[in-house]
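**Student:** sequence below, structure please.
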Amino acid sequence: MLRIIDARTGEPVDAALARRGLVRVHAHPPGFDLTGLRVLLVADVLVRALEFGGNPAWATLSSAPAPAEAGDRTDPEGGEDSWSEAGLQDRAAELGIRPFEDHRDTDPGPAATRTLEVVVQGAAVTDGPRIEVAPVGAGHRSAPADPTALRFALLARPRELPLSLDAEVLAEAEGTLGRWRSAVADWARRPSKPVPEDVRLRLRAAWEDDLDVPAVLDVLRSVETSALPEGARFETYAYADRLLGLELTREIGASL
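**Tutor:** Now for the predicted structure:
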């Protein structure tokens, strides 16, 4: 069962109170910028993890403050202004983040057994369990050609640690994605084999322990160079990508 560390208390809590009980995941982006994007991404992965465990999730969004209220921010694509609210959601869609319902349009909404708040570090205290996300600095002046590389870079860093998206970080993310997609496409040509049970348990243990996505990526790195049959490696990457949303199977058949 998925457990998260409640940032209010520092104690682990069950992400869902009942098997198949509806969980509301409520994201609070602090602004129309990379930090806001990271908040939405963490909420998106949380929704995926809940659904993986059999719990339906209802993703809602509090509007970010206007740029003047959020402070001066740098557009990671080179502009001087932060994104608009629509621009933030457009970039979220580019990263494969599924749409959130605006909470103003959903009240009272369906009855949820649990509400999980996803907020930036230092935000005002919320009533329910909260997951805190550290801020992101734009150390680069241009977006990667593949938006999924930005998703990878944001996921690879523990969410409680600040992140500077410099050229080296993005290049490493693009390189790893390219290598993995090429490998997955090659493995897909071999007979399929089930995900080894010990690998599946390691993956589930990682993301069910406070949504530890970097640990999930570490499991994939170990599988990449393991002696497992190539068909099993393919199924492992496809399985994990249901959580990660990195389009790891995208290159299958591309060279045919």
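
**Student:** all strands for the stretch 151-256 of the chain, in order.
**Tutor:** Using DSSP state E, counting those that start in this stretch, the strands of the stretch 151-256 of the chain run over 163-164.

**Student:** point out where it drops to low pLDDT.
**Tutor:** In the predicted model of the stretch 151-256 of the chain, residues 255-256 satisfy pLDDT under 70.

**Student:** identify, by residue count, the longest strand of this protein.
**Tutor:** When the chain is parsed with DSSP state E, its longest strand is strand 114-120.

**Student:** outside of that strand, which residues touch it?
**Tutor:** 4, 7, 14-17, 21, 23-30, 35, 39, 42-43, 46, 126-135 (Cβ atoms under 8 Å, 6 or more residues apart in numbering). The way it works is simple: take the backbone N, C-alpha and C, and place the C-beta from them, glycine included.

**Student:** distance from the chain centre to the next helix or strand after that strand, please.
**Tutor:** Using DSSP states H and E, the helix or strand that follows strand 114-120 in sequence is strand 130-133. Remark: strand 130-133 is offset 13 Å from the chain centroid, using Cα atoms, centre = their mean, to the nearest Å.

**Student:** packing partners of strand 130-133?
**Tutor:** strand 3-6, helix 34-52, strand 114-120 (3 or more Cβ pairs under 8 Å, 6 or more residues apart in numbering; DSSP states H and E).

**Student:** show me how this structure divides into domains.
**Tutor:** Following automatic domain parsing, one gets these domains for the chain: 3-138, 147-248.

**Student:** can you list those in CSV and add mean neighbour count and distance to Ala254?
**Tutor:** Formatted as CSV, the domains of the chain follow (neighbours: other Cβ atoms under 10 Å; distance: least, Cβ to Cβ, whole Å):
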stretch, mean neighbour count, distance to Ala254
domain 3-138, 18, 18
domain 147-248, 17, 7
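
**Student:** how about the helices in the stretch 51-200 of the chain?
**Tutor:** Counting by DSSP state H, counting those that start in this stretch, one finds helices in the stretch 51-200 of the chain at the ranges 67-70, 85-94, 147-156, 167-187, 197-208.

**Student:** show me how far the third one is from its chain's centre.
**Tutor:** Using Cα atoms, centre = their mean, we find the averaged C-alpha position of helix 147-156 to lie 8 Å away from the chain's own average C-alpha position.

**Student:** what residues does it touch?
**Tutor:** For helix 147-156, using Cβ under 8 Å, 6+ apart, the contacting residues are 37-38, 41, 45, 91, 94-96, 136, 143-144, 163, 165, 169-170, 172-174, 176-177, 213-214, 217, 244-247.
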